[in-house]
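S.K.: Need a 3D model of the sequence below.
(one chain, ligands or ions: 1)
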Amino acid sequence: MTLKRRKKIVGNWKMNGSTVFARTLVSDLLEQLSPALTEQVCLCPPMPYLPMVAEALGQSGVSLGAQNVSSYNDGAYTGEVSATMLADIGCDHVIVGHSERRTLFAETDAIVVSKVAKALEQPGLTPILCVGETREEREAGQWQAVISRQMQAVLEGIDRAGVARIIVAYEPVWAIGTGLTATAEQAQEVHALIRQQVAALDSAIADSLLILYGGSLNDQNAKELLSQPDIDGGLVGGAALVAEKFARVCNTLAEVG
Ligand code: PEP
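M.R.: Okay, here's the model as predicted:
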């Protein structure tokens, strides 16, 4: 029996914004977001704005996520932010292994696994694990091997109870911030493959696993992508910086179920 998964939209602001921007964006978004959908939406502002955004979100039901977490516990790790701190300030989600972190900050699969593990030590924190292939890897026909390697590292390094708490985001690197979106067919193919890989470990976990799509997702293409059977929501970058666009992406959930 296939489970009905509750879709989710996550907005990744990346390193953008200011206090004024954050306050305005949240207030505009809350005005335009369908009240029935707030619990399916998560905002990931830069670290310094997390407490402010938490306050602005209030009891709206919208979740708060960080864009990164340390693979260390609290202590002598200058510049790092631990999972305990994120949980302490009210984060319930954290993006882990975004392609920008993997490529610009040399995060290996092993580092990504350790960050997922640290997030999972906090009972209320959900890691959003990003996987995806580069343009060269897709053109060389290696996308399957790359995604399967990134997934396998986590499936081997995290116990089943932990895997059951993870959200996966498929983000083809060639589609992030480029305006090039994966076609609904391309994305569905990868999502189905990820689900199959998890099913080999545990079919119940695979059935309930949320797999988000990210890569130039916007208000124009959201409906088609989010209608695919294995696409359970989106991780949105650029379009999450404009309240009207992001609200329209989120409100698409009312149409796609
Ligand atoms: C992202 O930042 O994860 C992302 C998908 O960005 P964009 O929507 O701009 O491609």
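S.K.: In contact with whichever residue of the chain sits closest to the ligand, which residues?
M.R.: Using CB to the nearest ligand atom, Gly237 is the residue of the chain that sits closest to the ligand, at 2.1 Å. Backbone N, C-alpha and C define where each C-beta goes, glycine included. Counting by CB atoms under 8 Å, 6 or more residues apart in numbering, Gly237 makes contact with 12, 14, 176-177, 214.
S.K.: Same question for Pro51.
M.R.: If a contact means CB under 8 Å, 6+ apart, then Pro51 has 89-90 as its contacts.
S.K.: That one sits in which helix or strand?
M.R.: helix 50-57 (DSSP states H and E).
S.K.: Could you do Val94 as well?
M.R.: Per DSSP H and E: strand 93-96 holds Val94.
S.K.: Residues in contact with that strand: which ones?
M.R.: With CB under 8 Å, 6+ apart, strand 93-96 has contacts from 10, 12, 42, 44, 63-69, 83, 86, 112, 115-116, 119, 125-130, 167, 169, 235.
S.K.: and those, which of them are in strands?
M.R.: 10, 12, 42, 44, 63-66, 126-130, 167, 169, 235 (DSSP state E).
S.K.: still on that earlier bit, near the ligand too, which of the contacts of strand 93-96?
M.R.: 12, 235 (CB under 6 Å from any ligand atom).
S.K.: Run through this structure and note the low-pLDDT ranges.
M.R.: Low-confidence segments of the chain, defined by pLDDT under 70: 1-3.
S.K.: go with 80
M.R.: 1-3, 257 (pLDDT under 80).
S.K.: would you list every one of the helices in it?
M.R.: 19-32, 50-57, 83-88, 99-104, 109-120, 135-139, 143-157, 160-163, 184-199, 203-208, 222-226, 243-251, 253-256 (DSSP state H).
S.K.: and the fifth one, what other elements does it pack with?
M.R.: Translated: helix 109-120. helix 83-88, strand 93-96, strand 126-131, helix 143-157, helix 160-163 (3 or more CB pairs under 8 Å, 6 or more residues apart in numbering; DSSP states H and E).
S.K.: repeat that with 10 Å
M.R.: Under the contact criterion of 3 or more CB pairs under 10 Å, 6 or more residues apart in numbering; DSSP states H and E, helix 109-120 touches helix 83-88, strand 93-96, helix 99-104, strand 126-131, helix 143-157, helix 160-163.
S.K.: so can I have a markdown table of these showing mean neighbour count?
M.R.: What follows is the helices and strands packed on helix 109-120, written out as a markdown table (neighbours: other CB atoms under 10 Å):
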| stretch | mean neighbour count |
| --- | --- |
| helix 83-88 | 19 |
| strand 93-96 | 26 |
| helix 99-104 | 17 |
| strand 126-131 | 26 |
| helix 143-157 | 17 |
| helix 160-163 | 15 |
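S.K.: For Asn251, which of the ones you listed is the nearest?
M.R.: strand 93-96 (20.1 Å; CB to CB).
S.K.: gap between the closest one and the chain center?
M.R.: Centroid separation between strand 93-96 and its chain, computed with CA atoms, centre = their mean, to the nearest Å, is 7 Å.
S.K.: Run me through the strand neighbours of it, direction for each.
M.R.: With DSSP bridges as the test, strand 93-96 is paired with strand 63-66 (parallel), strand 126-131 (parallel).
S.K.: Contact residues of the stretch 101-250 of the chain facing the ligand?
M.R.: Selection of the stretch 101-250 of the chain residues close to the ligand by CB under 6 Å from any ligand atom yields 171, 176-177, 214-217, 235-239.
S.K.: so which of those is the most crowded?
M.R.: When neighbours are counted by other CB atoms under 10 Å, Leu217 leads these with 30 neighbours.
S.K.: Contacts only, for that one.
M.R.: Applying CB atoms under 10 Å, 6 or more residues apart in numbering, we find Leu217 in contact with 9, 171, 175-176, 181-182, 187, 225-226, 231, 233-240, 249, 252.
S.K.: one more time with 8 Å, if that's ok
M.R.: Applying CB under 8 Å, 6+ apart to Leu217 gives the contacts 181, 225, 234-236, 239, 249.
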